[in-house]
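A.B. asks: Next comes the sequence, and after it the predicted model I'd like to discuss.
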Amino acid sequence: MIDEIPMESASGFDAVTDERLAALLSITGRMDGFLYRCRNDPNYTMLYISDGIQTISGYPASDFIGNSVRGYATITYPDDVAVVDTAVGQALETRSNWAIDYRIVSRQGVPIWIHEIGGGVFDASGQLEFLEGFVIDIAERKRLEQANRDLIDRVAAISEHIIKDTGNILEVLRALKMLALNARIEAARAGEQGLGFAVVAQEIKTLATTSGASAERITKLMNELQDVLSAPAGTGH
């Protein structure tokens, strides 16, 4: 846990002398992330925020210390503000950490996905002193997740077309089998003159039966594929 930090410098430090903190700052810098410590107020007023916030948002850390230029909450994507507040509130009630994905709006006006892990710091009497945590840029992960969802949707759409077309093929094969049956009946009525036609009718029936079985297997497999694609991630179904 980071010790209480003076607020004189741009990013909240007077001097960085703690080797452990220096190591954390170095690691977060390599991970496109930042550390923070803030008040539990509507603006999440920053007592400290590391320089990594500028890499992600384009705003310098000094802007957020004591809300000198802007509050951290002001760069949270509007649709995600309630999600963040709820996650923080629930974690504080249970004295646990929150872990949440949400977006901040960069200096260029672009929403950027981040992942935050944080928690409350309480004094010996159980009073909340401040919040602290770690944030990393997950924009690339979210891009890949969206690309995967788009791919799954595309595969699902194609499989639906295959199932529909296979169903049409089954209907045609059933009709062929009926025609073959009728042809065999007529051939039997024709006696010896209908023997050749009966052989052809039998071949048509055999082909229709074999093809129908294959089409039904395809339909079954495509239905199983759709079940897999529509199952929630991690269910194993």
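C.D. replies: On my side now, so go ahead.
A.B. asks: my read is R37 is in a strand, agree?
C.D. replies: Yes - R37 sits within a strand when classified using DSSP: H, G, I helix; E, B strand; the rest coil.
A.B. asks: you'd agree it is up against F130?
C.D. replies: Yes - using C-beta atoms under 8 Å, R37 is in contact with F130, at 5.6 Å. Every C-beta, even on glycine, is put in place using the N, C-alpha and C of the backbone.
A.B. asks: Mind listing the shared neighbours of the two?
C.D. replies: The contact sets of R37 and F130 overlap at L47, V121 (C-beta atoms under 8 Å, 6 or more residues apart in numbering).
A.B. asks: Identify the residues contacting the strand ranked longest in the chain?
C.D. replies: For the chain, the strand that runs over the most residues, judged by DSSP state E, is strand 111-122. Contacts to strand 111-122, defined as C-beta under 8 Å, 6+ apart, come from residues 1, 36-37, 40, 56-57, 77, 84, 88, 91-92, 95-106, 128-139, 141-142.
A.B. asks: Just the buried residues of it, please?
C.D. replies: I112, W113, I114, H115, E116, G118, G119, G120 (16 or more other C-beta atoms under 10 Å).
A.B. asks: Tell me the helix or strand right after it.
C.D. replies: Counting by DSSP states H and E, the next helix or strand C-terminal to strand 111-122 is strand 128-137.
A.B. asks: Of all the residues in that next one, which ones are buried?
C.D. replies: Neighbour counts using 16+ other C-beta under 10 Å place F130, L131, E132, G133, F134, V135, I136, D137 of strand 128-137 among the buried residues.
A.B. asks: could you pull out the helices for this structure?
C.D. replies: Taking DSSP state H as the criterion, the chain contains helices spanning 19-30, 52-57, 81-94, 139-190, 195-230.
A.B. asks: worst average pLDDT in those?
C.D. replies: Looking at those, the lowest mean pLDDT belongs to helix 195-230 (a mean of 61).
A.B. asks: mind giving me the domain ranges of the chain?
C.D. replies: Taking automatic domain parsing as the criterion, the chain consists of the domains 19-137, 144-230.
A.B. asks: pLDDT value on the closest residue in space to E116 that isn't next to it in sequence, please?
C.D. replies: If the residues on either side of it in the chain are set aside, E116 comes closest to V135, at 4.7 Å by C-beta to C-beta, 6 or more residues apart in numbering. What the model reports as pLDDT for V135 is 94.
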